[in-house]
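**Student:** can't give you the sequence, but here's the structure:
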């Protein structure tokens with residue numbers, strides 16, 4: 001059985017933060033599944049999700065947001081360095097991707113870390129014993145991160161939407177689109193539905 005999961009997200013998007021719990025559940029249930037984390041680099045310092053969206057996420061998922069993040073919730077966000085960082089990690093140590101994404105999101109949404117400069121990543125690079133090059137922390141997307149955007153565009157074309165977060169599970173060349181909004185309150189509920197989908201395809 002060949003299974004892969006594609007998660008289109010932005011590290012600074014509160015809906016992606018909530019949807020990552022669904023990815024965690026699927027990864028735990030299918031530990032041999034290849035997980036592809038695709039960062040959209042949507043936020044480039046000009047806008048943010050804002051208070052209204054964060055409140056909607058809290059209502060839908062009961063996710064925790066820290067006081068410092070909420071104080072700056074309407075300030076512009078920049079996820080370019082996080083996108084470069086995650087693309088570098090995908091190439092160098094892909095087995096750490098999901099754990100690092102969880103750590104990045106906790107740092108941003110709970111601890112209020114903006115993750116928009118090199119020193120903001122120090123705690124995480126030390127925790128996971130990572131040594132990214134200085135190029136990762138430039139103010140523009142790396143060539144590899146731009147390639148990720150091309151991969152995302154292909155997936156969005158298949159899905160017929162540019163919305164994110166987006167979750168697609170591929171089982172023996174059959175694609176299962178997972179509506180993350182159904183599982184924000186109870187991420188573990190995704191497992192039963194996916195199992196039924198896989199049985200139907202087998």
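**Tutor:** Now that the structure is in, tell me what you want to look at. Quick caveat: nothing in here was measured; it's all calculated off a predicted structure.
**Student:** Can you pull the phi/psi pair for residue 93?
**Tutor:** phi -140, psi 70 (degrees, to the nearest 10).
**Student:** Could you do residue 34 as well?
**Tutor:** Dihedral angles of residue 34 (phi, psi; degrees, to the nearest 10) stand at phi -80, psi 120.
**Student:** Any idea what it is bridged to?
**Tutor:** residue 4 (DSSP bridges).
**Student:** per-residue confidence at it?
**Tutor:** You'll see residue 34 listed with a pLDDT of 95.
**Student:** quick one: it from residue 5, how far?
**Tutor:** 7 Å (CB to CB, to the nearest Å). (Glycine included, C-beta is placed from N, CA and C.)
**Student:** quick one, which of these two is more surrounded?
**Tutor:** Under the criterion of other CB atoms under 10 Å, the comparison of residue 34 against residue 5 puts residue 5 first, with 23 against 12.
**Student:** and the more buried one, what is it in contact with?
**Tutor:** 23, 26-27, 30, 33-36, 167-170 (CB atoms under 8 Å, 6 or more residues apart in numbering).
**Student:** Ok, residue 116 next?
**Tutor:** Shown in contact with residue 116 (CB under 8 Å, 6+ apart): 45, 77-78, 81.
**Student:** where are the low-confidence patches of the chain?
**Tutor:** Filtered on pLDDT under 70, the chain yields the residue ranges 1.
**Student:** where along it do the helices fall?
**Tutor:** Applying DSSP state H to the chain gives helices spanning 14-29, 50-61, 67-71, 80-92, 97-105, 122-127, 143-159, 189-201.
**Student:** Out of those helices, the one nearest residue 40 is which?
**Tutor:** Among the helices of the chain, the nearest to residue 40 by CB to CB is helix 143-159 (6.0 Å).
**Student:** what helices or strands is that closest one leaning on?
**Tutor:** The contact analysis (3 or more CB pairs under 8 Å, 6 or more residues apart in numbering; DSSP states H and E) places helix 143-159 against strand 3-9, strand 34-39, helix 80-92, strand 166-171.
**Student:** Contact partners for the closest residue in space to residue 78 that isn't next to it in sequence?
**Tutor:** Leaving aside its chain neighbours, residue 78 sits nearest to residue 45 (3.9 Å; criterion: CB to CB, 6 or more residues apart in numbering). By CB under 8 Å, 6+ apart, residue 45 lies in contact with 76-78, 80, 116.
**Student:** How about residue 8?
**Tutor:** Here residue 8 is in contact with 38, 40, 152, 155-156, 164-167 (criterion: CB under 8 Å, 6+ apart).
**Student:** Name the member of the contacts of residue 45 with the most neighbours.
**Tutor:** Most crowded among the contacts of residue 45, counting by other CB under 10 Å, is residue 77 at 25 neighbours.
**Student:** Nice, that's everything, thank you.
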